[in-house]
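>>> Okay, sequence plus prediction incoming.
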Amino acid sequence: TKNVEAWECVRLGMAALNRVTQEDTIEGRRLIRKALGLDPNYPMAWVSQGMCDFHDADIGTGYSTVAERKTVLQSAQGCARKALELDPTCADAYALLGLCSLSLEEHDEAIAMAEKSIALAPNHAENLAVAAATLNKSGKPKRSLELIKKAMRVCPVYPSWYLWVLGTACRLLGRNESAVSAFEESIKRNADSLGIHVGLASTLGEMGRQEDAKRPVSEILRLNPDFSIKKYIGELSYRDPAELARFEDGLRKAGLPD
């Protein structure tokens, strides 16, 4: 874009989304809508609008039924495709399509879109991290670990959710101590992100560290007093049912309510 204000709104809006809280998602959406009003032909504004939709679907603020969640994800896909109409080489749009395909449990498509985003922009830290998150649940944690470590090297001042991706990759690879360290470091940076506490609680539960799990469990219930294992698990998109069952078992051992 040639509109500096639109560019600034997208930067500030994406920074808000990166804090991964409901309030910040609302603020991010406000800023990104403003960017689209300033320049409706700005591809990154469309990608960012799609990321707002994805965040709504991912943290459960934009829907109340499974059908509504699918509609929110389809809206995000539509924004990514609009960005690609404006710029067919927009790597961020492919990264977003990968996330949406993952949430719709289209794992092969998710992998293809994630790898396409990396091929177009191999040193784009945020896309590397997004691709890593996509690949974790698509059954490729080794590749995810490689990508998230590269993202951290490319952008040493990274948002807290990179550590959540790192912790998840380590947990999936059976490196539970490393996973705990990553989750705890992420929490130091952002204590209000539900998913990080959930990842830590499941890992500690699996390790038999129920006493240590009490703290993330209390934080989960602070952030979501109505937290339910079944509801949370039902919205995850792991390709391998065994991994999903393992995650669920860890949450139950940690002491969270069914």
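On my side now, so go ahead.

>>> The longest helix seen in the chain - contacts with which helices or strands?
The residue-count maximum for a helix in the chain (DSSP state H) belongs to helix 66-86. Using 3 or more CB pairs under 8 Å, 6 or more residues apart in numbering; DSSP states H and E, the elements in contact with helix 66-86 are helix 43-59, helix 91-103. From N, CA and C alone the C-beta is placed, and that goes for glycine too.

>>> which residues touch that helix?
By CB atoms under 8 Å, 6 or more residues apart in numbering, the residues outside helix 66-86 that reach it are 41-44, 46-47, 49-51, 53-54, 56-57, 62-63, 90, 92-94, 96-97, 99-100, 103-104, 235.

>>> of these, buried ones?
Buried members of the contacts of helix 66-86, scored by 16 or more other CB atoms under 10 Å, are 42-44, 46-47, 49-51, 53-54, 56-57, 62-63, 90, 92-94, 96-97, 99-100, 103-104.

>>> Where does the residue lying closest to residue 238 once chain neighbours are set aside sit, in terms of helix or strand?
Spatially, and ignoring its direct neighbours in sequence, residue 238 is nearest to residue 244 (4.3 Å; CB to CB, 6 or more residues apart in numbering). In this structure, residue 244 sits in helix 241-254 according to DSSP states H and E.

>>> same check, this time on residue 233
If you go by DSSP H and E, residue 233 is part of helix 229-234.

>>> Give me the helices and strands touching that helix, please.
For helix 229-234, the packing partners by 3+ CB pairs under 8 Å, 6+ apart come out as helix 241-254.

>>> Where does pLDDT dip in the stretch 51-200 of the chain?
Flagging of the stretch 51-200 of the chain using pLDDT under 70 yields the residue ranges 59-63.

>>> how close does residue 118 sit to residue 125?
11 Å (CB to CB, to the nearest Å).

>>> what's the answer for residue 142, then?
Distance from residue 142 to residue 125, counting by CB to CB: 20 Å.

>>> likewise residue 179?
Taking CB to CB, one finds residue 179 at 21 Å from residue 125.

>>> No further questions, thank you.
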